[in-house]
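Q: Here you go, sequence then predicted model.
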Amino acid sequence: MIELKEKCNIFDKVDEGFVGILTNGVVKPNGCLVMGAGQAKEALDLFPFIDAVLGDHVKEHGNIPKLFEMLDKFEVPADLFSFPTKVHFREPSSFELIKNSAKWLDDTARENASELFFLPRPGCGLGGLRWDDVRYNISFLPDNVIIVTNT
């Protein structure tokens, strides 16, 4: 994995590769994933339908990561992936969930070695975790995974 030294808005990277959205596992009664704060809220503001897409995914498959090629579904020029860090949005991020998401990302990034995968520091904003601790747990990610410090 490579860490970008400068802060940037991760959604400025949609033209360069897949962009990760940090998620939780709570689906509202209307079928939409809770995305009310932080980077998830920023994603929802940019892609107003993404909460429904992610809600469907969590209902069908559980709180696990997934690639979403949005151009195919919604004519939006962005390829995104979900990266669960929390079971419930009100709780701190889970190291176990982050490790499981990182294992999926490791496999996905290696299978798609010509693609770049941009990921904000998982669990470190509203998730309450320290970056040094998270970095240690995901340091096995390949070099086509770029960690971004979101502005």
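A: Received the coordinates, thanks. Numbering: from 1, shown residues only.
Q: Quick one: low-confidence residue ranges for this structure.
A: Applying pLDDT under 70 to the chain flags the ranges 69-77, 151.
Q: And N9, how far from L67?
A: 21 Å (Cβ to Cβ, to the nearest Å). Every residue, glycine included, has its C-beta placed from N, CA and C.
Q: just E16 next, same as before
A: Looking at E16 against L67, where the rule is Cβ to Cβ, the gap reads 16 Å.
Q: Look at those two and report which has more neighbours.
A: The residue with the greater number of neighbours, taking E16 and L67 and applying other Cβ atoms under 10 Å, is L67; the counts read 15 against 11.
Q: From F18, how far out is that one?
A: According to Cβ to Cβ, L67 and F18 sit 7 Å apart.
Q: what does R135 give?
A: Note on R135: its distance to F18, by Cβ to Cβ, is 20 Å.
Q: ok, these two, which is more surrounded?
A: Here R135 and F18 are set side by side on neighbour count (other Cβ under 10 Å), and the busier one is F18, at 24 against 16.
Q: In the helix or strand where A109 lies, which residues are buried?
A: Take DSSP states H and E as the rule and A109 turns out to sit in helix 95-111. Of the residues in helix 95-111, those buried under the neighbour-count criterion (16 or more other Cβ atoms under 10 Å) are 95, 97-98, 101-102, 104-106, 108-109.
Q: Is the residue lying farthest from the centre of the chain within a helix or a strand, and which one?
A: Centroid-distance maximum for the chain: P29 at 22.6 Å, with Cα atoms, centre = their mean. Under the criterion of DSSP H and E, P29 resides outside all helices and strands.
Q: Now do the contacts for it.
A: Shown in contact with P29 (Cβ atoms under 8 Å, 6 or more residues apart in numbering): no residues.
Q: State the distance from it to G20.
A: According to Cβ to Cβ, P29 and G20 sit 27 Å apart.
Q: Same check on K86?
A: 14 Å.
Q: Quick one: the helices in this protein, in order.
A: Assigned helices in the chain, in chain order: 38-46, 50-61, 70-74, 95-111, 131-138 (criterion: DSSP state H).
Q: among the ones you listed, which is nearest P122?
A: Proximity to P122 (Cβ to Cβ) singles out helix 95-111 among the helices of the chain, at 5.1 Å.
Q: Pull the distance from that closest one to the chain's centre.
A: Mean-position distance between helix 95-111 and its chain equals 11 Å (Cα atoms, centre = their mean, to the nearest Å).
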